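Enquirer: Here is my input; please provide its structure:
(one chain, ligands or ions: 2)
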Amino acid sequence: MLALGSDILHVKFLGGAGEVGRSAFLLDGSRKILLDYGIKIDGDTEYPLHPGRVDACIISHAHLDHSGFTPSLYAEAMPTAFATEPTMALAELLIEDSIKVHKRKHQNPHFHRNNLRTMLNRYVPCEYGKGHEFGEYNITMYDAGHICGSAITCVEKMDNGRRLVYTGDFKMENQLLEQGARAVKSDILIMESTYAVREHPDRESMLKRFVDDIREVIDNRGIALVPVFAVGRAQEMLALMNKYGLIEHTFFDGMAKAATEIVDRYPGYVKNVGLLQGAIKKAMWVETQRNRKHALEGGGIILTTSGMLNGGPVLDYITRLNKNSKIFLTGYQAENTNGRRLMEGKPLDIDGKEFRVRTPFTAYDFSAHAGKADLHRFIKDSSPETVICVHGSEESSTALAEELKMEGFDAIAPKVGDVATVEF
Ligand SMILES: [Zn+2]
Ligand SMILES: [Zn+2]
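Expert: Numbers count the residues shown, from 1 in each chain. Ligands and ions are numbered 1, 2, ... in the order given. This is a model prediction of the structure:
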């Protein structure tokens, strides 16, 4: 039986359910609200299902698996987009780059640059904790602690106070530049479950090993090559090098530079902003071939994109490292990427040619996602009736939903194309 004042709400899973990538969840109520509209970019691009009419699109954060297909919504309609300012600025950078990458691969991005412009010109800039009325709903974003500008979104139905919370990607533990997220009270919780079956290693001791490992390489005149994602990891790594006295040895190259300049424009969204600003001043920004040659002389650290070795200057560097060098993977390496090939001991694919890496490599887990215990902590503090587990492998999301059911929650792990019915 429906609680007083409640209606039935259909939640449609257009992508990002039982998988990581192309996040897209439609709240099919009196207003059609789309939570993220991303693409999946391992290998050939995969797109979310078509949402039909959309009145609003909430962009949780800039990563392309959440923002990458939002411009396509503006080809025929004018939905209202909600995002924080850094999210929109960083999304613009990443979406522009993805248009270029599609063109280079002779693939169609399925939207036009004009659609992106339209979205940028008519979005509602959100600040953490400040609500926006939209029809019978109130939409409020909270800090998700994942990357600069990332948000947990609460959609509240104003007549009955029911709250649907969408976490996007989040992290509760502090990072150097990100304040960890706090749980947001909910009745219905749509939650990422990337690490539902795994705990991250202890950050402090891992940091120490990482820094010692880097020092050893540069003391031996090798190059410590650190591939980074442009948004998030690049800035964290800069701050880290600054904090541990390594920034004077750090070269900074690739799209990570443009992303860092954007983050620097939003100091209110950065914890320890001085650490980042100092790093920006002290690192050596690679602007010319001469700078790049200097970086390759050895005895230094090179932070560069792309994080999964699928393009960018990192592929040039990787073929030119000296024998004392080492590669430091600092993030998730998706299937069908060069990063994954490296981890599996397979040759890389560089412009269609095979390249076998002789340089040793090591992987560190600097994940910006909540680990298993924090996912459970979030749920406990959020105290929902219903938990919908998304943004995780089928194994991961299902395991979480099963555990939650044992604890008495109404929990599901939907698949793409499913529709859930909730009381809202
Ligand atoms: Zn993300
Ligand atoms: Zn994501």
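
Enquirer: and stretch 340-349, how far apart are its ends?
Expert: Distance across stretch 340-349, first residue to last, is 11 Å (C-alpha to C-alpha, to the nearest Å).

Enquirer: Counting neighbours, show which residues of it come out buried.
Expert: Arg340, Arg341, Leu342, Leu348, Asp349 (16 or more other C-beta atoms under 10 Å). The C-beta positions use only the backbone N, C-alpha and C, and glycine is treated the same way.

Enquirer: State the three-state secondary structure for the third one.
Expert: By that I understand Leu342. Secondary structure assignment for Leu342 (DSSP: H, G, I helix; E, B strand; the rest coil): helix.

Enquirer: where's it relative to ligand 2, distance?
Expert: Leu342 sits at a distance of 22 Å from ligand 2 (criterion: C-beta to the ion, to the nearest Å).

Enquirer: how much space between the closest residue to Phe424 other than its chain neighbours and ligand 2?
Expert: In space, and not counting its chain neighbours, Phe424 is closest to Leu9: 3.8 Å by C-beta to C-beta, 6 or more residues apart in numbering. Plainly put, Leu9 is 24 Å away from ligand 2 if you go by C-beta to the ion.

Enquirer: Leu9 touches Thr421, doesn't it?
Expert: Yes - assessed by C-beta atoms under 8 Å, Leu9 is found in contact with Thr421 at 7.4 Å.

Enquirer: Which pLDDT value goes with the residue of the stretch 301-424 of the chain found nearest ligand 1?
Expert: Per C-beta to the ion, Ala368 is where the stretch 301-424 of the chain lies closest to ligand 1, at 6.9 Å. Ala368 carries a pLDDT value of 97.

Enquirer: Likewise for Ser6?
Expert: Per-residue pLDDT puts Ser6 at 82.

Enquirer: The closest residue to it other than its chain neighbours bridge partners, please.
Expert: In space, and not counting its chain neighbours, Ser6 is closest to Glu423: 4.7 Å by C-beta to C-beta, 6+ apart. Per DSSP bridges, the residues bridged to Glu423 are Ile8.

Enquirer: that older thread, which of Leu9 and Thr421 has more residues huddled nearby?
Expert: Ranked by neighbour count (other C-beta atoms under 10 Å), Leu9 and Thr421 place Leu9 first, with 20 against 10.

Enquirer: check contacts around the residue of the stretch 301-424 of the chain closest to ligand 1.
Expert: Applying C-beta atoms under 8 Å, 6 or more residues apart in numbering to Ala368 gives the contacts Gly145, His146, Ile147, Asp169, Lys171, Gln175, Glu178, Gly232, Arg233, Glu236.

Enquirer: Look up how far Lys257 lies from the residue nearest to Phe424.
Expert: Leu9 sits 43 Å away from Lys257, taking C-beta to C-beta, to the nearest Å as the criterion.

Enquirer: cool, and Ala283?
Expert: According to C-beta to C-beta, Ala283 and Lys257 sit 10 Å apart.

Enquirer: what about the two, which has more around it?
Expert: Under the criterion of other C-beta under 10 Å, the comparison of Ala283 against Lys257 puts Ala283 first, with 23 against 19.

Enquirer: so that one touches Met237, yeah?
Expert: No - counting by C-beta under 8 Å, Met237 is not a contact partner of Ala283; they are 10.0 Å apart.

Enquirer: Residues in contact with both of the two, list them for me.
Expert: Common neighbours of Ala283 and Met237 (criterion: C-beta under 8 Å, 6+ apart): Leu303.

Enquirer: Ligand 2 contacts on this protein?
Expert: Asp65, Asp169 (C-beta under 5 Å from the ion).

Enquirer: how far is the top helix by length along the chain from where the chain is centred?
Expert: Under DSSP state H, the helix in the chain containing the largest number of residues is helix 85-104. Here helix 85-104 is found 13 Å from its chain centre; the criterion is C-alpha atoms, centre = their mean, to the nearest Å.

Enquirer: Report the mean confidence score over that helix.
Expert: Per-residue pLDDT over helix 85-104 has a mean of 96.

Enquirer: Just the C-alphas of that helix, formatted as CSV.
Expert: Only the C-alpha atoms of helix 85-104 are listed here, as CSV (Å, rounded to 0.1, in the frame of the first residue of the first chain):
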residue,chain,number,x,y,z
GLU,A,85,30.5,25.0,-12.0
PRO,A,86,33.7,23.0,-11.9
THR,A,87,31.8,20.0,-13.2
MET,A,88,30.6,21.9,-16.2
ALA,A,89,34.0,23.4,-17.0
LEU,A,90,35.8,20.1,-16.7
ALA,A,91,33.0,18.3,-18.6
GLU,A,92,33.5,20.8,-21.4
LEU,A,93,37.2,19.9,-21.6
LEU,A,94,36.6,16.2,-21.5
ILE,A,95,33.7,16.2,-24.0
GLU,A,96,35.7,18.4,-26.5
ASP,A,97,38.5,16.0,-26.2
SER,A,98,36.2,13.0,-26.8
ILE,A,99,34.9,14.7,-29.9
LYS,A,100,38.5,14.9,-31.2
VAL,A,101,39.2,11.3,-30.3
HIS,A,102,36.1,10.1,-32.1
LYS,A,103,37.1,12.1,-35.2
ARG,A,104,40.6,10.7,-35.1
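
Enquirer: hmm, who's touching it?
Expert: The contact list for helix 85-104 (C-beta under 8 Å, 6+ apart) reads 39, 41, 45, 59-64, 67-68, 70-71, 81, 83, 108-109, 113, 116, 120, 123, 125, 147-151, 230-231, 255, 258-259, 262-263, 265-266, 269, 311.

Enquirer: Buried ones among the residues you listed?
Expert: Applying 16+ other C-beta under 10 Å to the contacts of helix 85-104, the neighbour count classes 39, 41, 45, 59-64, 67-68, 70-71, 81, 83, 109, 116, 120, 123, 147-151, 230-231, 255, 258-259, 262-263, 266, 269, 311 as buried.

Enquirer: So the residue of the stretch 201-350 of the chain found nearest ligand 2: helix, strand or coil?
Expert: Using C-beta to the ion, the single residue of the stretch 201-350 of the chain nearest to ligand 2 is Tyr332, 9.6 Å away. What three-state DSSP gives for Tyr332 is coil.
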